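Enquirer: need the 3D shape of this:
(one chain, ligands or ions: 2)
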Amino acid sequence: MTIKVAILGFGTVGEGVWETLHTHHEYIQKKLSTPIEITSILVKDSNKKRNLPDSVQVTTDIEEVFQQPVDVVLEAIVGKQPAYQYVTRAIEHGAHVITANKEMFAHYGPHLLELAKEHNVWIGYEATTAGGTPVIRTIDQMLQVNQIKSIQGIVNGTSNYILTQMTKHQNSFEDALLAAQQKGYAEADPSNDVDGYDAFYKAMILSQLAYQDQPNWDEVYLEGIRTISSQDIDKATIQGQKWKHVATIELRHGAPRASIQPMQLNEDHPLYNIDGVENALSIQTDLLGSITLSGPGAGKLPTASAMIEDLLYVFQKERQQEAQYV
Ligand SMILES: NC(=O)C1=CN([C@@H]2O[C@H](COP(=O)(O)OP(=O)(O)OC[C@H]3O[C@@H](n4cnc5c(N)ncnc54)[C@H](OP(=O)(O)O)[C@@H]3O)[C@@H](O)[C@H]2O)C=CC1
Ligand SMILES: N[C@@H](CC=O)C(=O)O
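Expert: Ligands and ions are numbered 1, 2, ... in the order given. Below you'll find the predicted structure:
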């Protein structure tokens, strides 16, 4: 059997997935004992020039994607809609879904997870949060026995990159943002990054995972990094501190609460040394105590890596289940 893959979106992430499925083709095939075939790629603009062979169907019509067999849909488009509609369509078609789209998943994740269960398929969302750093599966594993008291994290690579460039290289905000866009870290609309919405969505996904619930969105304090001036950065440096954009998620009186805001951190804070595009989560648990996970938080190949890890995970799990019934 060949695993048939459809990729929705062929920007930074979608292209990274395509490339990685080719560069790591033999390795992945060996791990799965099955070949993988990319059957179609969905895009928005059919006139853009893309370096793709004729054998792959490139379409702007989601129905064309499902006119052929599809075992898994890798979703890397932008925004809630039509992504939610497409992912729902994929689940109802009986395909597994792997998404990088945190805006869509923060809004509809709980419903999609239920729908996937009903249709006996799986949703992977490792790439929605902290880019290539495997935080979702690690937290899921910790939750087998631990309870999470709180999570503090740097979850937006673009903001952290900008603050680091301003601190270490005295770059202006505008120059640093431009570099983050050129490196493929920033969202299509970078105000999502610098105004904190991207970190907000990731915090909601983490809350859902850790507490099976999200805070009331209207009660979440949300501030981006636009207010941090070069003078603020210099003052913090003199005081031996650094500005970081920090998401905090915690359980208070049995309900999840969150805030997303710039904070001045001391040298002894676990997030103080997280620089550049790195993301990190400092997690407090009841049994394990404190644990910090860190790694690349954005970019083409780290994000593709997270999506393909999910792909291997779901098909290896499927194989194991099949083997049990033989
Ligand atoms: N960049 C990163 O480091 C990371 C991004 N993500 C998430 O991954 C997703 C993709 O990000 P990224 O690759 O950077 O974004 P890009 O803007 O680079 O690419 C988006 C792609 O989606 C396609 N697209 C957009 N809207 C539609 C639509 N309505 N129908 C069909 N195709 C559509 C675009 O088509 P066309 O090419 O025709 O314009 C493009 O190929 C986003 O949800 C983002 O939040 C997650 C982790 C890291
Ligand atoms: N724009 C996002 C991309 C990854 O999620 C970021 O900068 O973190």
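
Enquirer: what residues does this protein have near ligand 2?
Expert: Applying C-beta under 6 Å from any ligand atom, one finds that the chain approaches ligand 2 through 131, 156-158, 185-187, 193, 198, 297-298. In short, each C-beta sits where N, CA and C put it, glycine included.

Enquirer: now W217: how far from Q81?
Expert: 18 Å (C-beta to C-beta, to the nearest Å).

Enquirer: now, which of the residues of the chain next to ligand 2 sits nearest P110?
Expert: Nearest to P110 out of the residues of the chain next to ligand 2 is D198 (C-beta to C-beta; 19.6 Å).

Enquirer: assumed the closest one was part of a strand.
Expert: No - looking at D198 with DSSP: H, G, I helix; E, B strand; the rest coil, it is helix, so not inside a strand.

Enquirer: so which residues on the stretch 201-326 of the chain come close to ligand 1?
Expert: Close to ligand 1, as judged by C-beta under 6 Å from any ligand atom, the stretch 201-326 of the chain has residues 298-299, 303.

Enquirer: residues touching the residue nearest to I77 when sequence neighbours are not counted, list them.
Expert: Nearest residue to I77, sequence neighbours excluded (C-beta to C-beta, 6 or more residues apart in numbering): G9, at 3.9 Å. For G9, the contact set (C-beta atoms under 8 Å, 6 or more residues apart in numbering) comprises 42-43, 75-78.

Enquirer: now A83
Expert: Contacts of A83 (C-beta under 8 Å, 6+ apart): 8, 75, 77, 99, 101, 104.

Enquirer: go on, H96?
Expert: 71-73, 121-124, 314.

Enquirer: for ligand 1, what's the nearest residue on the stretch 201-326 of the chain?
Expert: A298 (3.5 Å; C-beta to the nearest ligand atom).

Enquirer: now do the same for that residue: helix, strand or coil?
Expert: A298 - assigned by three-state DSSP - is coil.

Enquirer: related to what we said a few turns ago, list buried residues within the contacts of A83.
Expert: With neighbours counted by 16 or more other C-beta atoms under 10 Å, the contacts of A83 contain buried members at 8, 75, 77, 99, 101, 104.

Enquirer: these: which ones sit near ligand 1?
Expert: 77, 101.

Enquirer: now go through the buried ones among the contacts of A83 and say which are in strands.
Expert: Judged by DSSP state E, strands contain the following of the buried ones among the contacts of A83: 8, 75, 99.

Enquirer: tell me the one of these nearest Q141?
Expert: Closest to Q141, out of all of these and judged by C-beta to C-beta, is T99, at 20.1 Å.

Enquirer: who's the closest one bridged to?
Expert: Legend: beta-bridge partners of T99 under DSSP bridges are E75.

Enquirer: surely it touches T129?
Expert: No - counting by C-beta atoms under 8 Å, T99 does not reach T129; the two are 11.0 Å apart.
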